[in-house]
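>>> structure, please.
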Amino acid sequence: MKKSYIINLIILFLLIINLQPILAQNNQNKICAVYITGVGCPACAQEDPIILDELLKEEPNFVVIEYEIYREQENGQMVMEYDNNYNSGFHIPLIIFDKEDYGVGVGSVRQHAREAIERGSNYCPLSDGSFVAFNELDLTSLSAKPKIWVGERILIKIKEGGNNTLLRELLVTENLPAALEGINFVIIKPEPIAISGRSIYFDNAIEISGWIFQWNGESIGDITPGKAEEEPVQPQEFEQRNGLGFYKVFIIALADTVNPCALAVFILFLIGVMSYDPKKGKKILFIGAAFVTAVYICYFIYGLIIVKFWQIVQGLTAIRLALYTILGAVAIILGLFNLKDFFWYKPGGFATEMPTGWRGKVKKMMLGIVSVKGAFVMGAFVTLFLMPCTMGPYLIAGGILSALDMVKVIPWLLVYNLIFILPLYGIVLVVYFGFKKVEDISGWKERNIRKLHLVVGLIMLFIGVAIIFGWI
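Predicted coordinates for the structure are as follows:
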């Protein structure tokens, strides 16, 4: 009796020992989701704050592997990979927990997330169709440029590499100073992380082996960070890596600036003003400025509409994935049309000049301008005639700018349109100060019309190739 009792105790003891690693592993397992979204997507703006803020704060075991596809073009491939292995489709926002458990669109995403949290721990769904527990997940092997969110902490992949064990520990440990003891890292300024509709802010940030780690709460104290082996990548760099520099906006706007269509319409306007009252220089200055200012304001409004259109269209992820290719192709086609006008010029070229049938009507309207107010109204109205032959570059610029929040789009549109109308203001000043007559400017335009098309064509071809190869 005593012997069997002892044997039972030994068996029970062995069972407890064997169960401890299993229990420990289960305790380490998280509720793991892959979330595919895009900053600027209207539907994402309703789900992002819930998935990437609210639920993360409510449930400390909730892990989100985010792939943002609007600003990080490289992440676009993840949509296709997950669709191939999970049949999840091409719409965003999209959250995936399992091959049979994923939510798409407003309402469905948050519902699936809350249900998954109630069920408890699961395995992380990987893009190749496999699953792995979070505590066994190799973060450094994740494709493209993910962000990993846990509670009020985030890891952002900047480049390949890193210490997987350390990276995972940073997300879950209660003692960050201990985890970083003796580790090479660089303390950097925390940068807001953009989500659709707003940004999420963090108190602290470090760069460590090709990753950015940001978190809220206490700092790492008096730990002296090791010396980084290479220059750290600042957070603003990964946020702006796909952004626009001034020179890129300038190049695209330049194609509109030298557009023969815009120059022709403006010269027609000046001829109308001069024929009415050729001696009053000041009147020419004020009327010309009013006309150009109206063009500037209207084109700025059109720009907002174009960007908003692209942002709505990008809610269809399949279109978003092909957007840059489409924009590049359009730019190349416009470039070829302009080169055609250089080699085989014919007035009223398709998509390059105002249709010849419109010119008489526009000229007739221009001859009736006699006041500053009338010039402003005519400037606003005539933009409708300019649109068919000047909107090509603007559509391309709007497609690129659509990756930004509307608040950030406004300065770029102001700059773009300033570049667009500067030559028109220049013509007004040249005529006002008597350096040139309107007839001289008109004659110069006619003599150089083919060269203008050549310049526009080459610029548009460059823009198209640059977009397709990712230079813009």
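>>> select the longest helix from this protein.
Of all segments of type helix in the chain, defined using DSSP state H, the longest is helix 281-313.
>>> so which elements touch whatever helix or strand comes next after that one?
Per DSSP states H and E, the first helix or strand lying C-terminal to helix 281-313 is helix 317-343. On a contact count with 3 or more CB pairs under 8 Å, 6 or more residues apart in numbering; DSSP states H and E, helix 317-343 meets helix 76-86, helix 281-313, helix 372-401, helix 449-468. (Glycine included, C-beta is placed from N, CA and C.)
>>> switch to 10 Å and redo it
Counting contacts by 3 or more CB pairs under 10 Å, 6 or more residues apart in numbering; DSSP states H and E, helix 317-343 packs against helix 76-86, helix 246-257, helix 281-313, helix 372-401, helix 449-468.
>>> which residue is the nearest non-sequential neighbour of I156?
Of all residues not flanking I156 in the chain, I212 sits nearest, at 4.2 Å (CB to CB, 6 or more residues apart in numbering).
>>> parallel or antiparallel, list what pairs with the host helix or strand of the one you found.
Element membership of I212, judged by DSSP H and E, is strand 211-215. Sheet pairing here is set by DSSP bridges, and for strand 211-215 it gives strand 153-157 (antiparallel), strand 204-208 (antiparallel).
>>> got TSV for the ones you listed, with distance to L254, mean neighbour count and mean pLDDT too?
Formatted as TSV, these follow (distance: least, CB to CB, whole Å; neighbours: other CB atoms under 10 Å; pLDDT from 0 to 100):
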stretch	distance to L254	mean neighbour count	mean pLDDT
strand 153-157	35	22	95
strand 204-208	37	21	92
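>>> format those strands as a markdown table; extra columns: distance to S121.
Listed next are the strands paired with strand 211-215 as a markdown table, based on distance: least, CB to CB, whole Å:
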| stretch | distance to S121 |
| --- | --- |
| strand 153-157 | 18 |
| strand 204-208 | 27 |
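>>> out of the ones you listed, nearest to G374?
Nearest of the strands paired with strand 211-215 to G374, taken as CB to CB: strand 153-157 at 55.2 Å.
>>> can I get the helices and strands packed on helix 317-343 in a markdown table with mean neighbour count and distance to R198?
Shown next, in a markdown table, are these (neighbours: other CB atoms under 10 Å; distance: least, CB to CB, whole Å):
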| stretch | mean neighbour count | distance to R198 |
| --- | --- | --- |
| helix 76-86 | 18 | 23 |
| helix 246-257 | 19 | 25 |
| helix 281-313 | 19 | 15 |
| helix 372-401 | 20 | 19 |
| helix 449-468 | 20 | 29 |
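>>> least confident of these, on average?
Note on the helices and strands packed on helix 317-343: helix 246-257 shows the lowest mean pLDDT, a mean of 71.
>>> could you tell me the angle between that helix and helix 281-313?
For helix 246-257 against helix 281-313, the angle by axes from the mean of the first three to the mean of the last three CA atoms, to 10 degrees is 120 degrees.
>>> and helix 246-257, what other elements does it pack with?
Counting contacts by 3+ CB pairs under 10 Å, 6+ apart, helix 246-257 packs against helix 317-343, helix 372-401, helix 406-432, helix 449-468.
>>> go with 6 Å
Here helix 246-257 touches helix 372-401, helix 406-432, helix 449-468, going by 3 or more CB pairs under 6 Å, 6 or more residues apart in numbering; DSSP states H and E.
>>> can I get the ones you listed in JSON lines including distance to S143?
Formatted as JSON lines, the helices and strands packed on helix 246-257 follow (distance: least, CB to CB, whole Å):
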{"stretch": "helix 372-401", "distance to S143": "25"}
{"stretch": "helix 406-432", "distance to S143": "28"}
{"stretch": "helix 449-468", "distance to S143": "22"}
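>>> and those helices: which comes nearest G103?
The minimum distance between G103 and the helices and strands packed on helix 246-257 falls on helix 406-432, with 26.6 Å, by CB to CB.
>>> tell me what that closest one is packed against?
Counting contacts by 3+ CB pairs under 6 Å, 6+ apart, helix 406-432 is packed against helix 246-257, helix 281-313, helix 372-401.
>>> so what pLDDT did the residue lying closest to H112 once chain neighbours are set aside get?
Nearest in space to H112, with sequence neighbours left out and distances taken as CB to CB, 6+ apart, is G103 at 3.3 Å. Looking at G103, its pLDDT is 93.
>>> which SS state does G103 fall under?
strand (DSSP: H, G, I helix; E, B strand; the rest coil).
>>> that one reaches V109, doesn't it?
Yes: the criterion here is CB atoms under 6 Å, and G103 meets it with V109 at 4.4 Å.
>>> what do those two both touch?
Both G103 and V109 are in contact with I95, where contact means CB atoms under 6 Å, 6 or more residues apart in numbering.
>>> any idea which element S121 lies in?
Going by DSSP H and E, S121 is not in any helix or strand.
>>> picking up where we left off before, can you tell which of the strands paired with strand 211-215 is closest to I468?
strand 153-157 (25.0 Å).
>>> send the alpha carbons of that closest one over as CSV?
This file holds the C-alpha atoms of strand 153-157, laid out as CSV (Å, rounded to 0.1, in the frame of the first residue of the first chain):
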residue,chain,number,x,y,z
ARG,A,153,5.0,49.4,-27.2
ILE,A,154,5.9,49.2,-30.9
LEU,A,155,8.8,47.7,-33.0
ILE,A,156,9.3,49.1,-36.5
LYS,A,157,11.4,47.2,-38.9
